[in-house]
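[1] Quick one, what's the 3D model for this:
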Amino acid sequence: MKLRLTAFLAVVALLAAGAAGWLYLDLRSLTGGERAGQEAVNAARIYAADMLSYDYRTIKEDLARARGHATGDLVAQYDRLATTLAPTAIKQKKVQQAVVADAAVESATTAEVRVLVFLNVTTSSSETSTGSPRQQVVQNRARLVMVRVADRWLVSDLSTLLGNTPIR
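    Numbers count the residues shown, from 1 in each chain. Model prediction:
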């Protein structure tokens, strides 16, 4: 009887130690994701304004700066954008200024963070047919997928969100 009680207590102690170890690892993962989320959201605040703002007078430099915050397929998208957006922006004398109103972490791991960014975007242009300037101010949302590359966070995907945001 004493041997059974000792064996039972040993099994309970092992299970408790295993559960404590699992909880510790889970806690480390959560705090690592929280830290990564804060780092990524700080970078996203800067990058979103850079990546969504341009001036027709400096558009090539603006797109190059935005491309510097990108990684993966998004780099190629900025290369394509340079060939299509630049001529149109120059022709219309278009200036777009995005200002980040707020940003929040949608989901975070130590390797990838999805950040929702709320923006106030002012667009000014001169209509080529009338020559009269036009200005528009809109509020917009964007999702930036941030990934850690070496020791910094870069944007691997950028999408503007129109209408109702899907819940995942």
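[2] So which elements touch the longest strand seen in the chain?
    When the chain is parsed with DSSP state E, its longest strand is strand 133-149. On a contact count with 3 or more CB pairs under 8 Å, 6 or more residues apart in numbering; DSSP states H and E, strand 133-149 meets helix 2-52, strand 95-108, strand 112-126, strand 152-161. Bear in mind the C-beta positions are built from the backbone N, C-alpha and C, glycine included.
[3] now the chain, which segments are flagged as low pLDDT?
    Low-confidence regions of the chain, defined by pLDDT under 70, span residues 5, 8-9, 12-13, 16-32, 127-132, 162-168.
[4] So which residue is smack in the middle of it?
    By CA atoms, centre = their mean, the chain has its centre lying nearest to residue 144, at 2.5 Å.
[5] That one touches residue 157, doesn't it?
    Yes. Using CB atoms under 8 Å, residue 144 makes contact with residue 157 at a distance of 7.3 Å.
[6] quick one on the thing from earlier: where's the residue nearest to the centre of the chain relative to residue 136, distance?
    Going from residue 144 to residue 136 by CB to CB, to the nearest Å gives 23 Å.
[7] Next: residue 156.
    29 Å.
[8] Which of those two has more residues huddled nearby?
    Per other CB atoms under 10 Å, whichever of residue 156 and residue 136 has more neighbours is residue 156, with 17 against 10.
[9] What spatial separation is found between the more buried one and residue 56?
    Distance, residue 156 to residue 56, by CB to CB: 28 Å.
[10] And residue 155, by the same measure?
    Residue 155 is 23 Å from residue 56, by CB to CB.
[11] Of those two, which one has the most company?
    A side-by-side neighbour count of residue 155 and residue 56, using other CB under 10 Å, places residue 155 first with 26 against 21.
[12] Just confirm the more buried one contacts residue 51, I think it does.
    Yes. Counting by CB under 8 Å, residue 155 touches residue 51, with 6.8 Å between them.
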